[in-house]
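In: Take a look and give me a structure for this.
(one chain, ligands or ions: 2)
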Amino acid sequence: MTRIAFIGGGNMARSLIGGLLKTGLSASAITVAEPRADARQELGREFGVACYAENRLAAAEAEVLLLAVKPQIMPAIHMELRDTLQRNRPMLISIAAGVRIDQLERWFGAMAIVRCMPNTPALIGAGATGLCANHRVSPPQRAQAQRIMDAVGLTRWIDDERLMDTVTALSGSGPAYFFALVEALEDAAVAQGMSRESARALAAQTCLGAGRMLVESGEDPGELRKRVTSPNGTTQAALESFQADGLQRTVARAVAAATRRGEELAASLDQAT
Ligand SMILES: NC(=O)C1=CN([C@@H]2O[C@H](COP(=O)(O)OP(=O)(O)OC[C@H]3O[C@@H](n4cnc5c(N)ncnc54)[C@H](O)[C@@H]3O)[C@@H](O)[C@H]2O)C=CC1
Ligand SMILES: O=C(O)[C@@H]1CCC=N1
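Out: Numbering: from 1, shown residues only. Ligands and ions are numbered 1, 2, ... in the order given. Take a look at the predicted model:
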């Protein structure tokens, strides 16, 4: 049983902890460091995991430190963890957007480091995670990192670290894009007179159904789209409207903006540290 300490017990840590516990990992294998007392109480109540206000107490026995704080906080936390890192040599798994492996090495020293980018559907075992390791990660540690993330969904190793910002823009932020689309569909149906409850239920189930078809059939999304689109029918009218409004360009620009933001986050940390 791998002992995992989460440094930061916010939204993404909750999703990963909830997902890991659902796979049968014992709550006693997880500790969490979280400065907010209300968040500690809630994590303890909901998941039965031990929570500490101090990072070094949560990290004391851990083989894996899962760094789940905001990118801006990352440079500061190594001071508190320095003794523990030297004593136990845990593997570090960072989930922070933008933060590069060379930056983590600069702050935390010559450690085995995995940079990964999960997403919140990890909570229900439907996460998608890109991983990238430094050369100090041994094959068993690599397998250990993959096991942790496999437990909460799909994983892909990314050899070229520069593409981790693309992973962030695609699947890390991606759930929010689909939620935004469901919100927009819901609003459009409500504007036509449907109740919000019915609009939400139909939009959400459509999102689930389309997602399951994509994943379970393994078919090309373009092919699945064509099967919905009767010649001169309703779908064609909607897709032509999307095209006229530049959907593809809109999406490409949004993904580029998210990728750029990841790079900016890292650059701002270079200036600050
Ligand atoms: N929310 C998401 O969908 C995803 C987030 N991430 C990454 O996960 C990281 C955390 O993001 P969220 O969970 O959304 O943020 P969050 O703000 O919900 O969680 C961060 C937690 O860290 C705690 N914290 C602050 N200072 C600390 C310190 N010195 N030591 C320990 N804990 C401290 C905060 O109290 C907070 O609960 C970020 O780096 C983000 O880029 C990655 C993938 C997806
Ligand atoms: O919005 C963010 O910066 C984080 C990273 C990916 C999802 N949430």
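
In: now the nearest residue to Pro121 once chain neighbours are set aside, which residues is it bridged with?
Out: Beyond its immediate neighbours in the sequence, the residue positioned closest to Pro121 (C-beta to C-beta, 6 or more residues apart in numbering) is Gly127, lying 5.1 Å away. The way it works is simple: take the backbone N, C-alpha and C, and place the C-beta from them, glycine included. According to DSSP bridges, the partner residues bridging Gly127 are Gly153.

In: residues in contact with Gly127?
Out: Contacts here follow C-beta atoms under 8 Å, 6 or more residues apart in numbering; on that basis Gly127 touches Ser15, Leu16, Gly19, Pro118, Asn119, Thr120, Pro121, Met149, Val152, Gly153, Leu154.

In: try Ser230
Out: With contacts defined as C-beta under 8 Å, 6+ apart, the neighbours of Ser230 are Gln236.

In: so it, which of the three states?
Out: Judged by DSSP: H, G, I helix; E, B strand; the rest coil, the three-state class of Ser230 is coil.

In: which strands and helices sit next to the helix or strand harbouring Met74?
Out: In the assignment (DSSP states H and E), Met74 maps to helix 74-88. Here helix 74-88 touches helix 55-59, strand 64-67, helix 101-108, helix 247-272, going by 3 or more C-beta pairs under 8 Å, 6 or more residues apart in numbering; DSSP states H and E.

In: Which one, of those, ends up nearest to ligand 1?
Out: Nearest to ligand 1 among those is helix 55-59 (5.2 Å), distances taken as C-beta to the nearest ligand atom.

In: from the chain's centre, how far out does the closest one sit?
Out: Here the centre of helix 55-59 is set off from its chain's centre by 23 Å, with C-alpha atoms, centre = their mean, to the nearest Å.

In: Only C-alpha atoms, please: export it in CSV.
Out: Taking only C-alpha atoms (Å, rounded to 0.1, in the frame of the first residue of the first chain), the coordinates of helix 55-59 have been written out as CSV:
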residue,chain,number,x,y,z
ASN,A,55,3.0,20.1,5.5
ARG,A,56,5.8,18.4,7.2
LEU,A,57,3.4,16.4,9.5
ALA,A,58,1.3,15.2,6.6
ALA,A,59,4.5,14.3,4.6
